[in-house]
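Student: A predicted structure for the sequence below; I have some questions about it.
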Amino acid sequence: MTKADDGVFWDLAEPFLAGGAEHSTMMGNPCLRSGGAFFASLDHRSGDLIVKLPAERVDELIECGEAKSFSPNGRRFKEWASVPPGQETAWQALMEEALEFAGAK
């Protein structure tokens, strides 16, 4: 498995940061949040993009093979999808979806 470079995440994060999102950390990984709500992170171990989306959307992404469940320490986070490196072309749109979802909560 190819691990994504942090630079890809930060390049994609620039418009979000310029729009008011904040840089933070989540479980020791760099992440983005808006209005205090986490919406995207980069898993340093795997290089996966981690995004917060409605549980139904996460299930859909998993079923079609675009993502895996985010299950740190064996516990699945139903509203979080883990999108592996090699699918960076989808990352921007998923980050936008995640930001919208974070704002809706």
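Tutor: Noted; the coordinates are in hand.
Student: Would you map the strands across the protein?
Tutor: Secondary structure of the chain (DSSP state E): strands at 22-26, 29-34, 37-42, 49-52, 68-70, 77-83.
Student: Pull the residues that contact the shortest one.
Tutor: If I follow you right, that is strand 68-70. By C-beta atoms under 8 Å, 6 or more residues apart in numbering, the list of residues contacting strand 68-70 from outside reads 48, 50, 58, 62, 76-77, 80-84. For every residue, glycine as well, the C-beta is placed using N, CA and C.
Student: out of the residues you listed, which is most surrounded?
Tutor: Tallying neighbours with other C-beta atoms under 10 Å puts residue 81 at the head of those, with 27 neighbours.
Student: Was I right to think it contacts residue 67?
Tutor: Yes: applying C-beta atoms under 8 Å, one finds residue 81 in contact with residue 67, separated by 4.0 Å.
Student: Identify the contacts common to those two.
Tutor: Taking C-beta under 8 Å, 6+ apart as the criterion, residue 81 and residue 67 both touch 58, 61.
Student: for the longest helix along the chain, which positions count as buried?
Tutor: The single longest helix within the chain, with elements called by DSSP state H, is helix 88-104. Using 16 or more other C-beta atoms under 10 Å as the test for burial, helix 88-104 gives 88, 91, 94-99, 101-102.
Student: Contacts for it next, please.
Tutor: Residues outside helix 88-104 that contact it (C-beta under 8 Å, 6+ apart): 4, 8-9, 12-13, 16, 21, 32-35, 37-40, 49, 51-54, 57, 66, 81, 83.
Student: returning to that earlier point: pick out whichever of the contacts of strand 68-70 sits closest to residue 25.
Tutor: Residue 25 has its nearest neighbour among the contacts of strand 68-70 in residue 50, at 12.3 Å by C-beta to C-beta.
Student: For that closest one, which non-adjacent residue is spatially closest?
Tutor: Of all residues not flanking residue 50 in the chain, residue 41 sits nearest, at 4.2 Å (C-beta to C-beta, 6 or more residues apart in numbering).
Student: Low-confidence regions, this structure specifically.
Tutor: Applying pLDDT under 70 to the chain flags residues 1-5, 104-105.
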